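Chemist: pasting the sequence and the predicted coordinates here, then a few questions.
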Amino acid sequence: DVKVTQSSRYLVKRTGEKVFLECVQDMDHENMFWYRQDPGLGLRLIYFSYDVKMKEKGDIPEGYSVSREKKERFSLILESASTNQTSMYLCASSFLAGGFYNEQFFGPGTRLTVL
Amino acid sequence: AQKVTQAQTEISVVEKEDVTLDCVYETRDTTYYLFWYKQPPSGELVFLIRRNSFDEQNEISGRYSWNFQKSTSSFNFTITASQVVDSAVYFCALGTGANNLFFGTGTRLTVIP
C-alpha cells in the first residue's frame, strides 16, 4: 500500500515563527505536491516537485517555500507564519510516468493554527 | 479559465437511498482529465476515478457510477444504495493545461442510518 505520512496532525505556531511541514512517501513516486484546504475554497496547489531539487509553483506559492533533498521527502516551509496561513495542509504524491495527472495519493493532513 | 463547480455544499440521505453528486467544469482545452476524490473523516483524500476528455463512456464500479457528458460539461457521480461508510466530503477535480489540478469546493455527504 502506498503510504504518505505527514509529520504532525495538529500544529500550533505563533505569528512570525518559521514552520516546517514534512511529508514522506514510501512508494518511490517522482511527483510530490503540497496543497492547502480551506472551507469553501477546496484544495489549492501551493508547490509541486517532479524530481529531487526540482520545484514548481502552484496557484498560491506566496509566503511558502519548499525543499526536496531526497526523493521520498518533500518539505513545506513557512518562512514567517501569518494568521492567514492557518489552514489544513495536505501532501500528495504520484508517479511521473504517464504525465502529471496520475492518481495522487494523499497524506492525512496537518491542521496548522497560527496565533 | 479553468473552473470546477460543485453546487451542492451538503447533502443528507437515508441509508439505502441513491444519491447523485454534481460536478460542472469549465475549460477551453480539448485535452483534460476529470477526477473524483473522497475525503473521509480521517482526512486522507482517496482517489475514486480519472476520466480523460476523449472517453465519454460512463463507468460503473460496484455501487458507484459516473456520468460524463461533454455537451453539458458535467461529470456527475452517483452512489447507489448508500451506506453510512459513504459519509465523506467528495471532491471533483479538473486537470488541464500547465500541470495544475483544479478542485471543486467539495460536497459533504451524510448518510443517515
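Modeler: Arrived safely.
Chemist: how is residue 17 assigned, secondary-structure-wise?
Modeler: Reading this off chain A. For residue A:17, the assignment made with DSSP: H, G, I helix; E, B strand; the rest coil gives coil.
Chemist: the chain in question should be chain B.
Modeler: coil.
Chemist: excluding its backbone neighbours, what's nearest it?
Modeler: Nearest non-adjacent residue to residue B:17, counting by Cβ to Cβ, 6 or more residues apart in numbering or on different chains: residue B:82, 5.6 Å away. The way it works is simple: take the backbone N, C-alpha and C, and place the C-beta from them, glycine included.
Chemist: go on, residue A:112?
Modeler: In space, residue A:112 is closest to residue A:11, 4.8 Å off (Cβ to Cβ, 6+ apart).
Chemist: show me the contacts for the residue nearest the centre of chain A.
Modeler: Per Cα atoms, centre = their mean, the C-alpha nearest to the average position across chain A is that of residue A:34, at 2.5 Å. By Cβ atoms under 8 Å, 6 or more residues apart in numbering or on different chains, the contact list for residue A:34 reads A:21, A:23, A:45-48, A:58, A:64, A:66, A:74, A:76, A:89-91.
Chemist: residue B:16 is in contact with the residue nearest to residue B:17, correct?
Modeler: Yes - between residue B:82 and residue B:16 a contact is recorded at 6.6 Å, counting by Cβ atoms under 8 Å.
Chemist: what about these two, which has more around it?
Modeler: residue B:82 (22 against 11; other Cβ atoms under 10 Å in any protein chain shown).
Chemist: look at the more buried one and report its pLDDT.
Modeler: Reading off the confidence values, residue B:82 has pLDDT 97.
Chemist: let me see the backbone angles for it.
Modeler: With angles defined as degrees, to the nearest 10, residue B:82 sits at phi -60, psi 150.
Chemist: and the gap between it and chain A?
Modeler: Look at residue B:82 and chain A: by Cβ to the nearest Cβ, to the nearest Å, they are 23 Å apart.
Chemist: was I right about residue A:58 contacting residue A:43?
Modeler: No - Residue A:58 lies out of contact with residue A:43 (Cβ under 8 Å); the separation is 10.2 Å.
Chemist: so what's in contact with those two at the same time?
Modeler: With Cβ under 8 Å, 6+ apart as the test, residue A:58 and residue A:43 both reach residue A:35.
Chemist: neighbour count winner among these two?
Modeler: residue A:43 (26 against 20).
Chemist: what are the ranges of the strands in chain A?
Modeler: A:4-6, A:10-13, A:19-25, A:31-38, A:42-49, A:56-57, A:64-70, A:73-78, A:87-94, A:105-106, A:110-114 (DSSP state E).
Chemist: sorry, back to before: burial of the residue nearest to residue A:112, as a residue count?
Modeler: Number of residues near residue A:11 (other Cβ under 10 Å) recorded here: 17.
Chemist: the spatially closest residue to residue A:23 that is not a sequence neighbour and residue A:45: what is the separation?
Modeler: Of all residues not flanking residue A:23 in the chain, residue A:91 sits nearest, at 3.4 Å (Cβ to Cβ, 6+ apart). Distance of residue A:91 to residue A:45, given as Cβ to Cβ, to the nearest Å: 12 Å.
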